[in-house]
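**Student:** Here is a sequence with its predicted model. Questions after.
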Amino acid sequence: MARPVRIALVGLGDIAVRAHLPAILRERRAELVALVEPDPGRREAAAGLVPGVPAHAELEAVLDDVDAVVLATPAWVTPELARTGLAAGLYVLAEKPLAPTLAEQLDFRSVPGAAERLQIGLTYRHHPAIARLREIVSSGRLGGPLYVQSSLADERADPEGEPEHYARRVRTLEHGPPVVFDGIHRCDQLNLVLGEQPSVVNGWSLRTRPEFASPNVNGAVLRYADGTIVRLEVIWLVPSLPPSQFVVTGPRGRVVLDPPTFALTAEIDGHTEGLPAPGDKTEVCFALQLERFLDACTNGTPPSPGLEDAIAASALTDRIASAL
């Protein structure tokens, strides 16, 4: 077996510690050789979880010691770090979105190595349930046109119980609405399942607190050339969240994807079939994401999802944000 891919984990917030770090530590083809975080408190806390792994304040300190970097950083920080990693000849897995705006992401088309060595963390597209849903829709088993109900509501407002998380989400609103930063997952999944961009986008929004820099409740109606309609909602920072949903309904039946677990149930032509969740959704998706990243690092396979997939998803979030 070839030596493991030496990885630096950059950005040590919640998603890094809760999801990226365990995935790296479980993967035999990966070796965590460095942590990078400018905040001393986070750096110290994360270093305590992996004794012996050096922690640094700057990415430049580890460029000569690693093969790849995982960027679990805010979108307004990620572009410079991604460019630095690519310029050093490294493979880069960057959390979504790659940048706060579509224009900044389009700029990466001219960055050397981006097409070959840059993977984007549209993590939940890797789940087997998404592949199964795409297969059912593309086969025409549901008939058409379709009606898709897709809502994402998983960032509850709890400023007293989770003050750091709440403050982080409020700061994110200074850079754009939730559909850009969280809704990109659903937009990517819609692109995968439906295979095209909508022809018409009508949006609406709601700001539940006047101090929020952007409206924290976003919605849109997407209309497709074949008559399919999607109702999309992304809801942040309310004290009691409505349930998320992902339901695809057609003339011959419907498919329900349970967002918390990604268990999938299809009722088509009077028959019911299911795809039970193979395990914890986050653990499964981050493991599969890392597997594909390591395939790119070791075999030179194209990154999946790559830059163009990220641009396609952000193009849809950009259209929705413009229509809000």
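**Tutor:** That came through, no problem. Remember, predicted model here, so these are calculated numbers, not experimental data. Numbering: from 1, shown residues only.
**Student:** where in the stretch 1-150 of the chain is pLDDT low?
**Tutor:** By pLDDT under 70, the low-scoring segments of the stretch 1-150 of the chain are 1.
**Student:** Which residue ranges of it form strands?
**Tutor:** Taking DSSP state E, counting those that start in this stretch as the criterion, the stretch 1-150 of the chain carries its strands at 5-10, 30-36, 55-56, 68-71, 91-95, 118-121, 147-155.
**Student:** Need those in JSON lines (columns: distance to Leu192 and mean neighbour count).
**Tutor:** In this view, the C-beta of every residue, glycine as well, is placed from N, C-alpha and C. Output for the strands of the stretch 1-150 of the chain, formatted as JSON lines (distance: least, CB to CB, whole Å; neighbours: other CB atoms under 10 Å):
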{"stretch": "strand 5-10", "distance to Leu192": "26", "mean neighbour count": "25"}
{"stretch": "strand 30-36", "distance to Leu192": "26", "mean neighbour count": "21"}
{"stretch": "strand 55-56", "distance to Leu192": "36", "mean neighbour count": "19"}
{"stretch": "strand 68-71", "distance to Leu192": "23", "mean neighbour count": "26"}
{"stretch": "strand 91-95", "distance to Leu192": "19", "mean neighbour count": "26"}
{"stretch": "strand 118-121", "distance to Leu192": "13", "mean neighbour count": "28"}
{"stretch": "strand 147-155", "distance to Leu192": "12", "mean neighbour count": "19"}
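**Student:** For Pro251, which of the ones you listed is the nearest?
**Tutor:** Minimum separation from Pro251 across the strands of the stretch 1-150 of the chain (CB to CB) falls at strand 147-155, 10.0 Å.
**Student:** which other residues reach the closest one?
**Tutor:** Here strand 147-155 makes contact (CB atoms under 8 Å, 6 or more residues apart in numbering) with 169, 178, 182-183, 185-186, 189-190, 194, 228-237, 241-250, 259.
**Student:** just to revisit the earlier point, for the strands of the stretch 1-150 of the chain, which one sits closest to Arg141?
**Tutor:** Closest approach to Arg141 among the strands of the stretch 1-150 of the chain (CB to CB): strand 147-155, 15.1 Å.
**Student:** That closest one pairs with which strands?
**Tutor:** Within its sheet, strand 147-155 is paired with strand 229-236 (parallel), strand 245-250 (antiparallel), according to DSSP bridges.
**Student:** closest to Pro79 out of the strands of the stretch 1-150 of the chain?
**Tutor:** Pro79 lies closest to strand 91-95 among the strands of the stretch 1-150 of the chain, at 8.7 Å (CB to CB).
**Student:** For that closest one, list the C-alpha coordinates in PDB.
**Tutor:** The C-alpha coordinates for strand 91-95 follow below in PDB (Å, rounded to 0.1, in the frame of the first residue of the first chain):
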ATOM      1  CA  TYR A  91      -5.000  18.900  -3.400                       C
ATOM      2  CA  VAL A  92      -7.700  21.100  -1.800                       C
ATOM      3  CA  LEU A  93     -11.000  20.100  -0.300                       C
ATOM      4  CA  ALA A  94     -12.900  23.300   0.500                       C
ATOM      5  CA  GLU A  95     -16.100  23.600   2.400                       C
END
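**Student:** tell me the phi and psi of Gly176?
**Tutor:** Gly176 adopts backbone torsions of phi 150, psi 170, taken as degrees, to the nearest 10.
**Student:** For Arg132, see how far away it is.
**Tutor:** Distance of Gly176 to Arg132, computed by CB to CB, to the nearest Å: 32 Å.
**Student:** re the thing from before, need the winner for burial among the strands paired with strand 147-155.
**Tutor:** For the strands paired with strand 147-155, the largest average neighbour count (mean count of other CB atoms under 10 Å) is found in strand 229-236, namely a mean of 22.
**Student:** residues contacting the closest residue to Val217 other than its chain neighbours?
**Tutor:** The shortest distance from Val217 to any non-neighbouring residue, by CB to CB, 6 or more residues apart in numbering, is to Leu206 (4.0 Å). Leu206 makes contact with Pro215, Asn216, Val217, according to CB under 8 Å, 6+ apart.
**Student:** and the first one, helix, strand or coil?
**Tutor:** Here Pro215 is coil, with the state taken from DSSP: H, G, I helix; E, B strand; the rest coil.
**Student:** thinking it is in contact with Val179, fair?
**Tutor:** No. The criterion here is CB atoms under 8 Å, and Pro215 misses it with Val179 at 9.5 Å.
**Student:** Overlap in contacts, those two.
**Tutor:** By the contact definition CB under 8 Å, 6+ apart, Pro215 and Val179 are jointly contacted by Leu324.
**Student:** Looking at these two, which one has more neighbours?
**Tutor:** Between Pro215 and Val179, counted using other CB atoms under 10 Å, Val179 has the larger neighbour count: 31 against 19.
**Student:** Could you measure from the spatially closest residue to Asp39 that is not a sequence neighbour over to His175?
**Tutor:** Closest residue to Asp39 apart from its sequence neighbours, by CB to CB, 6+ apart: Leu12 at 7.6 Å. Leu12 is 20 Å from His175, where distance means CB to CB.
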